[in-house]
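Chemist: what would the 3D arrangement of this be:
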Amino acid sequence: MPSARLSAPIAAPNPADDFAQLARTEQLILWTLRSIAVGHGECATLRQMFAMTFGQGADDAFLGFFVTVRTLGWCGQRKLRLHVPGCMAVSPDERAILALFAEAQASLSDGDETGVRAHLSRLVDSRATEAMLLSLQTVASALEVGGHTLPRPRNVTAPGHSGAARLLH
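Modeler: From the prediction side, this is the model:
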């Protein structure tokens, strides 16, 4: 289970990576990512936000998020560092995941999967690429249908880490 790969807090986050500075759609993505990672995917408030954001596509969007988070946990190239739900900081790994979602959304518009596949190659085992791509595109499509466009990232790469994954706060 991916949440078992998370451990005690580590060094203080960089204050420049402020959750409040993210677009609302990016905040929803991180809130969802963090909640599922710690086993709180069935949070009533989160599900209500999905219903308001995605309307009738809420269940499909949530399933896409769930598969994405679980696949990152099970098939990740390395253990990712995530903050706990409610934390106002954003880790470098969380930024890389936001970039992954933005690239997936861009690939739906322009038909070019090069960017999203490049991000995937740095985050997940090659055997999980197609499953991840499908779940990312499910979420990206739901975001787009709901009128939520993510800013396309510029040169965001996931940092390498050794040792245990960390749940930051």
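
Chemist: in which helix or strand does the residue nearest the centre of the chain reside?
Modeler: For the chain, the residue nearest the mean C-alpha position is Ile97 (4.4 Å; Cα atoms, centre = their mean). Per DSSP states H and E, Ile97 falls inside helix 92-110.

Chemist: list the buried ones in that helix?
Modeler: 92-108 (16 or more other Cβ atoms under 10 Å). (Each C-beta comes from the backbone N, C-alpha and C, glycine too.)

Chemist: try stretch 120-129
Modeler: Residues Leu120, Leu123, Val124, Ala128, Thr129 are the ones in stretch 120-129 that count as buried (16+ other Cβ under 10 Å).

Chemist: stretch 36-54 now?
Modeler: For stretch 36-54, burial by neighbour count (16+ other Cβ under 10 Å) applies to Ile36, Ala37, Gly41, Leu46, Met49, Phe50, Thr53, Phe54.

Chemist: closest to Cys75 among those?
Modeler: Cys75 has its nearest neighbour among the buried residues of stretch 36-54 in Ala37, at 14.3 Å by Cβ to Cβ.

Chemist: surely the closest one touches Thr68?
Modeler: No: using Cβ atoms under 8 Å, Ala37 is not in contact with Thr68, being 10.7 Å away.

Chemist: hmm, who's touching stretch 49-56?
Modeler: Leu28, Trp31, Thr32, Ala58, Asp60, Ala61, Phe62, Ala142, Val145, Gly146, His148 (Cβ atoms under 8 Å, 6 or more residues apart in numbering).

Chemist: oh, that last question was meant for stretch 125-143, not what I typed.
Modeler: Contacts for stretch 125-143 (Cβ under 8 Å, 6+ apart): 25, 54, 57, 60-61, 63-65, 67-68, 71-72, 74-77, 100-101, 104-105, 107-108, 113, 116-117, 120-121, 124, 149-150.

Chemist: which SS state does Phe54 fall under?
Modeler: Secondary structure assignment for Phe54 (DSSP: H, G, I helix; E, B strand; the rest coil): helix.

Chemist: going forward, count from 32.
Modeler: Sure, I'll start numbering at 32, so the last one becomes Phe85.

Chemist: gap between it and Leu131?
Modeler: Distance, Phe85 to Leu131, by Cβ to Cβ, to the nearest Å: 19 Å.
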